[in-house]
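Chemist: sharing a model prediction with you, sequence too.
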Amino acid sequence: MKLDPLSIPFRAGESVVRLAWLLVFALVGSPAIGGASGIGLAVVGWFVVALAYQLVYYQRFEYELSGDTLDIASGVVSRRNREIPVGRVQNVDISRNVVQRALGIAQINLETAGGSSTEASLRYVSFEEAKRLQSEIGRLKRGRQSGNSTRSGSVDADPERELFAVTRKELVLLGIVGIDLRLLSIVTVVLPVVAPSLRERFADPLVGLAVTAPLAAVAVVAVAALISGALALTSYYGFRLARQNDELLYERGLLQRFSGTIPLEKVQTLTISENVIARRLGYASLAVETAGYAPNDAGSQSAVPLADKHRVVDLARSIEGFDDIDFDRPPRRARERYVVRYSIVAAVAIAAAFAADRYSGLTFAWYVTLVLLPVAAVGAHLKWLNLGYDVQSEYVVLRQGFWTRTTTVIPYYRVQTVMDVQTVFQRRRRLASLIVDTAGSSGLTSRQPRALDVDEARAAELRETVADRLQQAVQRRRTKRHRERLRSIEADLPDLPDPATDRRDRRGA
Amino acid sequence: MDDTDGERTTAASPFGEETTPAIRRVGDGSDAESTVPDVEALTGEPQTLEPAIRGVWVIQSAISAAVLGVVAAVAFSVVSPGGAWIGGVVFGLVFVIGVVFSLLRYRIWMYQVREDSLYLRRGVLTRVNTVAPYVRIQHVDTRRGPVERVFGLATTVVYTAGSRGADVSIPGLTPERADDLQARLKHLAIAAEGEDAV
């Protein structure tokens, strides 16, 4: 199969746009270079070269979805032939931006668990072809999983069942709740550029600062809210999640439309996260992690951007059947640790304020910062309050965080390594943290799922419990698979008696 | 198909040891399989590292102390109070700390090849106990850095699909011990019959 012919001019156009950006930067840097005609010539020349290259690329690019593998032959200068086993494909994602939608083409990305980047990317095929590939790969995978590709009856796709669709209200809330703290930092970088002009209006710099500082703070929050609202709107517009056989299908995006599959079979962990605002409003979001994605590819992991908490929990339960969560809490002496830690930070801040008051011309009510001490105590309590772990029969559930509280559900079957970690300070209070590592890429936060500051004996016990239950889960899976395989053999060969006795006979012969 | 049948191995095999498959699954402790001699022979008591690893760590800390010392010397020879001698002090301090840590680290380091997982204990300031189940092992490497080669030592690295996979490395083994450990882990991983690993 070939790519869509429209991909030739589109890809050529893309490289011209990239060149145009480069030219813009070059022009800003040194306005002396060339005139408008020179630039025009360069752009046209580059377009012709790019078009020729893309034509060759198009001719050399072939892909073929055969029974078990997706074969891709590509490359202009160095050629590359790849065979990707369909059973190893984790996610199949389709994305289309505005221009691509106008042209009716789409990019399709395949993720496998190996490697740190996308395994294969077809740029670009027609949207229908992308859809066909997506469903065809899904069908072939199901065929492989049922251990039998000849019986096509069981392989056909079930009808799609919609699990979740974002409402307008939730979208608006998402903008409010999702104020990204990192955006604040970006805005504060931009602000100093704008601020001086504002400050000039005031004669006295101190008065100016007193007026501009709160104003700036408000402006920062407002701008951040606007940006995050706009981002939420564009990336989660029209979000819907559906389930088909053993896969979740999602669709989202206003300008750039994404759709993809999340195989339930490969789900590593589920994370329910609720920040302070969302918690107040009774909302939460759900992230589903699979092993395929490259780190920081967080957008694709998100299963539900924002929904009523009960709905989110129900949805999570339908993916992984964990029990009602009943958290064990870390001991009270863990809280003392946070009190000490935060108080030290507060004391340093107070000392700095005092020193500034004493030894610099600036005099102000430094003792106001004393308020930080009770704040530290409250902060410590809140941090402690939000910690928790629950060791269930098939899942371990870990919770932490006050500003953004994350509850991570980890099936024992997905555990890679377990460790308990004890710092010097933890050892003094006989505490330890349990870290449960999975193959999930734990994207944005890069925080490992862990139970913070558990009693040290308990942590060691939990470490062994989790490791043991992993073994049991592996054992269960294996037995189940054997039983399924036996059953499929039985179904295939109805004339044979019991396959188990049959095999024993054969071995005896 | 035959070899992976869960029920078969529990039944008494009418055959001698030589006809039973070389690859067997590890027991789950619930039945008599946990006494499969193969696996039993491969596991062992807690092990410490070779004492020579202290030398490797001391030299490594000397190197980093020297780098810091040179940086400090250059920095303080430019700044008006103080001179290049501060670099020597920095080197001395960092080196002494490094030596103390090397000795402590050696005393704490321990690993054990258990029945269904590899267990490690390490860390001076932050103590870490790791359990790496054999079903999750992707591959096992042995590597020897330049300093290690001087001391005749090797490091065995166990890879899992986890995000902290490369964390599971055991330094301070003689090449023979490293090869032996690598082979044992390989056998145990095969016996544990990891399926998908993710």
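Modeler: Perfect, I can see it now.
Chemist: got the domain ranges for chain A?
Modeler: Taking automatic domain parsing as the domain assignment, the ranges for chain A are A:1-60, A:168-236, A:332-383, A:474-508.
Chemist: the third one and chain B, are they touching?
Modeler: No: using CB under 8 Å from any CB of the partner chain, domain A:332-383 stays clear of chain B, with a minimum separation of 14.7 Å. All C-beta atoms are positioned from the backbone trio N, CA, C, and that covers glycine.
Chemist: could you check how far that domain is from the centre of its chain?
Modeler: From the chain centre to the centre of domain A:332-383 is a distance of 35 Å (CA atoms, centre = their mean, to the nearest Å).
Chemist: straight-line length of that domain, end to end?
Modeler: 12 Å (CA to CA, to the nearest Å).
Chemist: quick one: low-confidence ranges for the chain?
Modeler: Looking at chain A here, since you left the chain open. A:27-36, A:114-117, A:144-157, A:178-213, A:292-302, A:362-363, A:440-447, A:493-509 (pLDDT under 70).
Chemist: my bad, chain B
Modeler: For chain B, the stretches with pLDDT under 70 are B:1-39, B:163-167, B:194-198.
Chemist: quick one: the strands in chain B, in order.
Modeler: B:110-113, B:117-122, B:127-133, B:137-143, B:154-160, B:169-173 (DSSP state E).
Chemist: output these in CSV, with distance to chain A and mean neighbour count appended to each entry.
Modeler: Listed next are the strands of chain B as CSV, based on distance: least, CB to the nearest CB, whole Å; neighbours: other CB atoms under 10 Å in any protein chain shown:
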stretch, distance to chain A, mean neighbour count
strand B:110-113, 13, 17
strand B:117-122, 6, 21
strand B:127-133, 4, 23
strand B:137-143, 9, 17
strand B:154-160, 5, 22
strand B:169-173, 12, 22
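Chemist: columns distance to residue A:401 on top of those, output as a markdown table?
Modeler: Shown next, in a markdown table, are those (distance: least, CB to CB, whole Å):
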| stretch | distance to residue A:401 |
| --- | --- |
| strand B:110-113 | 33 |
| strand B:117-122 | 28 |
| strand B:127-133 | 23 |
| strand B:137-143 | 31 |
| strand B:154-160 | 26 |
| strand B:169-173 | 31 |
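Chemist: about what we covered before: out of the domains of chain A, which is closest to residue A:140?
Modeler: The minimum distance between residue A:140 and the domains of chain A falls on domain A:1-60, with 15.2 Å, by CB to CB.
Chemist: next, the distance between the ends of that closest one.
Modeler: Terminal-residue distance, domain A:1-60 (CA to CA): 11 Å.
Chemist: one more: stretch A:243-261?
Modeler: Termini of stretch A:243-261 sit 9 Å apart (CA to CA).
Chemist: again with stretch A:57-71
Modeler: One end of stretch A:57-71 sits 16 Å from the other (CA to CA).
Chemist: what residues of that stretch count as buried?
Modeler: The neighbour-count check on stretch A:57-71 (16 or more other CB atoms under 10 Å in any protein chain shown) flags A:57, A:58, A:61, A:63, A:65, A:69, A:70 as buried.
Chemist: is the last one in a helix, a strand, or coil?
Modeler: This means residue A:70. strand (DSSP: H, G, I helix; E, B strand; the rest coil).
Chemist: hmm, residue A:137 and it touching each other?
Modeler: Yes: using CB atoms under 8 Å, residue A:70 and residue A:137 qualify as a contacting pair, with a distance of 7.2 Å.
Chemist: overlap in contacts of these two?
Modeler: Residues touching both residue A:70 and residue A:137 by CB atoms under 8 Å, 6 or more residues apart in numbering or on different chains: A:86, A:89, A:110.
Chemist: in CSV, list the buried residues of stretch A:57-71 along with secondary structure and distance to chain B.
Modeler: Below are those laid out as CSV (DSSP: H, G, I helix; E, B strand; the rest coil; distance: CB to the nearest CB, whole Å):
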residue, secondary structure, distance to chain B
A:57, helix, 33
A:58, helix, 35
A:61, coil, 30
A:63, strand, 25
A:65, strand, 22
A:69, strand, 18
A:70, strand, 19
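Chemist: the residue nearest to the spatial centre of chain B: what's it in contact with?
Modeler: Nearest residue to the geometric centre of chain B (CA atoms, centre = their mean): residue B:170, 1.9 Å. Taking CB under 8 Å, 6+ apart, we find residue B:170 in contact with B:49, B:111, B:120, B:155, B:156, B:157, B:158, B:178, B:181.
Chemist: near chain B at all, stretch A:405-420?
Modeler: Yes: using CB under 8 Å from any CB, stretch A:405-420 reaches chain B at A:414, A:415, A:416, A:417, A:418, A:419, A:420.
Chemist: beyond the helix or strand containing the fourth one, next helix or strand please.
Modeler: Assigned by DSSP states H and E, residue A:417 falls within strand A:415-422. Counting by DSSP H and E, the next helix or strand C-terminal to strand A:415-422 is helix A:424-428.
Chemist: returning to what we had before: got a markdown table for the shared contacts of residue A:70 and residue A:137, with distance to residue A:352, neighbour count and secondary structure too?
Modeler: Below are the shared contacts of residue A:70 and residue A:137 laid out as a markdown table (distance: CB to CB, whole Å; neighbours: other CB atoms under 10 Å in any protein chain shown; DSSP: H, G, I helix; E, B strand; the rest coil):
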| residue | distance to residue A:352 | neighbour count | secondary structure |
| --- | --- | --- | --- |
| A:86 | 61 | 21 | helix |
| A:89 | 55 | 24 | strand |
| A:110 | 53 | 23 | strand |
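Chemist: out of those residues, who's nearest chain B?
Modeler: Nearest to chain B out of those is residue A:89 (CB to the nearest CB; 12.8 Å).
Chemist: give the bridge partners for the closest one, please.
Modeler: Beta bridges link residue A:89 to residue A:112 when assigned by DSSP bridges.
Chemist: ok, it touching residue A:136?
Modeler: No: using CB under 8 Å, residue A:89 is not in contact with residue A:136, being 11.2 Å away.
Chemist: pull the number of nearby residues for the residue of the stretch 351-500 of chain A found nearest chain B.
Modeler: The nearest approach of the stretch 351-500 of chain A to chain B comes at residue A:416, 3.2 Å away (CB to the nearest CB). Residues contacting residue A:416 under the criterion other CB atoms under 10 Å in any protein chain shown number 27.
Chemist: what is the burial count for the spatially closest residue to it that is not a sequence neighbour?
Modeler: Among residues not flanking residue A:416 along the chain, residue B:162 sits closest, at 3.2 Å (CB to CB, 6 or more residues apart in numbering or on different chains). Around residue B:162 there are 27 other residues, counting by other CB under 10 Å.
Chemist: I figured residue B:162 hits residue B:133, correct?
Modeler: No: contact criterion CB under 8 Å: residue B:162 and residue B:133 do not qualify, at 10.6 Å.
Chemist: neighbours around the closest residue to residue B:124 other than its chain neighbours, how many?
Modeler: Closest residue to residue B:124 in three dimensions, ignoring its sequence neighbours and counting by CB to CB, 6+ apart: residue B:104, at 4.7 Å. Residue B:104: 13 surrounding residues under other CB under 10 Å.
Chemist: next: residue A:161.
Modeler: Count around residue A:161 with other CB under 10 Å applied: 10.
Chemist: what's the answer for the one 3 residues further on, then?
Modeler: Residue A:164 sits with 21 neighbouring residues when counted by other CB under 10 Å.
Chemist: A helix includes it, no?
Modeler: No: read with three-state DSSP, residue A:164 is strand and lies in no helix.
Chemist: ok, it touching residue A:308?
Modeler: No: in this structure, residue A:164 is not within contact of residue A:308 by CB under 8 Å, at 10.3 Å.
Chemist: thank you, goodbye.
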